[in-house]
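Trainee: give me the fold of what follows.
(one chain, ligands or ions: 1)
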Amino acid sequence: MSASATAAQRARELRAAGIDIIELAQGEPDFNTPDHVIEAAYRAMRAGQTHYTPADGTPELKAAIVAKFRRENGLEYKLENISAGAGGKQVLYNALMATLDPGDEVLIPAPSWVAYADITHFSEGTPVWLATKPENGFKLRAAELEAAITPRTKWLMLNSPSNPSGAVYSAAELRELAAVLERQPHVWTISDDMYEHILYDGRSFATLAAVAPQLGNRILTLNGASKTYAMTGWRLGYAAGPVELIRAMWRLQAQSSLNPSSISQAAAIAALNGPQDIVRERCAIFETRRNAIVKWIKAVPGLACESPHGAFYLYVSCAGWLGKKTPQGKVLANDADVVAYLLDSGVALPNGAGYGLSPYFRISFASSMENLEEACKRIDAAARKLG
Ligand code: PLP
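Mentor: Numbers count the residues shown, from 1 in each chain. Here you go, the predicted model:
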């Protein structure tokens, strides 16, 4: 289980035992799915869209995805370049399973979403963590990428805005990475754009396939409805890439789960083709929360963080707490000890080790302002009790 799922599970158990816990572990918007999307799903069910569909999505859904890539990213695809599955996670799983041979290496800038390494392991590949530096905004530099590539490198994972650091790559930074990738024709890239629409301070979004069209036939661009439209439970993700790869992913899905839910597909069509204002409104709410939580956490003794540029996570360095003693007499040796201490203090959070870079913990600010404020008070009180 991932660090965030473990922390959320622990919070549920403690709550069931009557203990007051604030859980800021889950990576999902705390908003409801927009009404017009729910209505579209209902209409689809009423209209009999309750049957099998083509394994990797209906032509209507694929057309909506093609239109999205054209409208929002300036990318041109045909239906045969598109694959839809039960969440971005399944699409990612299909891609790695379909392409990795034992020992193939997957470059994963750290910190990163834990699934990249776990799915690489499942696929008998070798995850290669590349530690990024906070002073570089937790972003991979071209020279670091170049130094990490070996003849066994198959994939580079790029995720912007990033879970868990909130790092956002500019078009210029992507161009620098693309210059390296151009010289390494055996290396393919998964561009995980899941948090595309959660961007702060007026930043604009850049994606590798648009910035470096010369790499287009070795990029899989991953996205989905989960974070943009608050649709995590509907399970609808998608990707665009070269036809041969999409076909290989289709084969896997056709012999495992088959099509993503027909109803979720209808809902995603409404989300993609419908009004987008709600996405911007919700992003503004996340930004207000980000501003507040960054201020609160920076005021806590021994903690340090950068203001995230996108997504809804704060990656907090707890280096200043290590070696200190809790009131129970335990010396905090690593970030696992830190989150255990914070759990005892009433806040459930995942630690940085799960994301490949320690000593940190991650706070999801996809929660109400009241929850965030109370959690920060508890974290602050915990800090002041360390000896
Ligand atoms: N990519 C990143 C970086 C994520 O954080 C997540 C979910 O947490 C996903 C992809 C997958 O989301 P889903 O499977 O809900 O589409």
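Trainee: separation between the residue minimising distance to the centre of the chain and the ligand?
Mentor: A centroid search over the chain (CA atoms, centre = their mean) returns Asn163, at 4.4 Å, as the residue closest to the centre. The spacing between Asn163 and the ligand, counted by CB to the nearest ligand atom, to the nearest Å, is 4 Å. C-betas here are computed from N, CA, C, even on glycine.
Trainee: wait, that residue sits on Ala115?
Mentor: No. Between Asn163 and Ala115 there is no contact under CB atoms under 8 Å: 9.6 Å.
Trainee: ok, now how distant is the closest residue to Gln328 other than its chain neighbours from Pro34?
Mentor: Leaving aside its chain neighbours, Gln328 sits nearest to Asp344 (7.7 Å; criterion: CB to CB, 6 or more residues apart in numbering). Distance check for Asp344 against Pro34: by CB to CB, to the nearest Å, it reads 38 Å.
Trainee: what of Arg235?
Mentor: According to CB to CB, Arg235 and Pro34 sit 17 Å apart.
Trainee: next: Thr53.
Mentor: Counting by CB to CB, the gap from Thr53 to Pro34 is 23 Å.
Trainee: same check on Leu92?
Mentor: Counting by CB to CB, the separation of Leu92 from Pro34 is 25 Å.
Trainee: out of those two, which sits in the busier spot?
Mentor: Leu92 (25 against 21; other CB atoms under 10 Å).
Trainee: enumerate every residue touching that one.
Mentor: Ala115, Tyr116, Ile119, Ile190, Asp192, Leu222, Gly237, Ala239 (CB atoms under 8 Å, 6 or more residues apart in numbering).
Trainee: is the ligand contacted by the helix or strand of the chain with the lowest mean pLDDT?
Mentor: None of the helices or strands of the chain scores lower by mean pLDDT, DSSP states H and E than helix 3-16, at a mean of 82. No. Looking at helix 3-16 against the ligand by CB under 6 Å from any ligand atom, there are no contacts, and the closest approach is 8.0 Å.
Trainee: run through who's touching the helix or strand following that helix.
Mentor: Next in sequence after helix 3-16, counting helices and strands by DSSP states H and E, comes strand 22-23. With CB under 8 Å, 6+ apart as the test, strand 22-23 has contacts from 7-8, 11-12, 15, 346-348, 367, 371, 374-375, 378.
Trainee: could you check how many residues crowd around the residue nearest to Gln328?
Mentor: Using other CB under 10 Å, Asp344 has 15 other residues around it.
Trainee: cool, and the one 10 residues further on?
Mentor: Burial of Gly354 is recorded as 27 neighbouring residues (other CB under 10 Å).
Trainee: what's the answer for the one 3 residues further on, then?
Mentor: For Leu357, the tally of surrounding residues (other CB under 10 Å) stands at 23.
Trainee: next, count neighbours for the closest residue to it other than its chain neighbours.
Mentor: Nearest non-adjacent residue to Leu357, counting by CB to CB, 6+ apart: Pro111, 4.0 Å away. For Pro111, the count of nearby residues is 26 (other CB under 10 Å).
Trainee: what's the domain layout of the chain?
Mentor: Domains of the chain are assigned by automatic domain parsing as 3-27+278-384, 35-273.
Trainee: endpoints of the shortest one, how far apart?
Mentor: Counting by CA to CA, to the nearest Å, the length from the leading to the trailing residue of domain 3-27+278-384 is 26 Å.
Trainee: begin at 32 from here
Mentor: With the count now opening at 32, the last piece we talked about shows up as domain 34-58+309-415.
Trainee: tell me how far that domain lies from the chain's centre.
Mentor: Chain-centre distance of domain 34-58+309-415: 17 Å, with CA atoms, centre = their mean, to the nearest Å.
Trainee: ok, the last one next?
Mentor: In this view, domain 66-304 has its centroid 10 Å away from the chain centroid, taken as CA atoms, centre = their mean.
Trainee: the ligand contacts on the chain?
Mentor: Within reach of the ligand by CB under 6 Å from any ligand atom, the chain has these residues: 58, 118-120, 144, 190, 194, 223, 225, 255, 257, 263, 268.
Trainee: among those residues, which pair sits farthest apart?
Mentor: Greatest spatial distance among the residues of the chain next to the ligand (CB to CB): Asn190 and Thr263, at 16.9 Å.
Trainee: looking at the two, which is more packed in?
Mentor: Asn190 (23 against 17).
Trainee: pretty sure the more buried one sits against Ser143.
Mentor: Yes. Contact between Asn190 and Ser143 holds when scored by CB under 8 Å: they sit 6.1 Å apart.
Trainee: can you give me the end-to-end span of stretch 76-90?
Mentor: 18 Å.
Trainee: neighbouring contacts of that stretch?
Mentor: Contacts of stretch 76-90 (CB under 8 Å, 6+ apart): 96, 110, 113-116, 269, 277, 280-281, 284-285, 289-291, 293-294, 296-297.
Trainee: can you tell me which of those residues are in strands?
Mentor: The strands, defined by DSSP state E, take in Ile113, Ser114, Ala115, Gly116, Tyr269 from the contacts of stretch 76-90.
Trainee: which parts of the chain are helices?
Mentor: Along the chain, counting by DSSP state H, helices occupy 34-47, 66-77, 90-104, 119-130, 146-153, 173-179, 202-213, 239-242, 274-285, 293-304, 308-329, 366-375, 400-415.
Trainee: CA atoms of the fifth one as CSV?
Mentor: As requested, C-alpha coordinates have been extracted for helix 146-153 and formatted as CSV (Å, rounded to 0.1, in the frame of the first residue of the first chain):
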residue,chain,number,x,y,z
ALA,A,146,3.0,4.1,-8.4
TYR,A,147,5.7,4.7,-11.0
ALA,A,148,8.2,2.6,-9.0
ASP,A,149,5.7,0.0,-7.9
ILE,A,150,4.3,-0.6,-11.4
THR,A,151,7.8,-0.8,-12.7
HIS,A,152,8.5,-3.5,-10.2
PHE,A,153,5.4,-5.4,-11.2
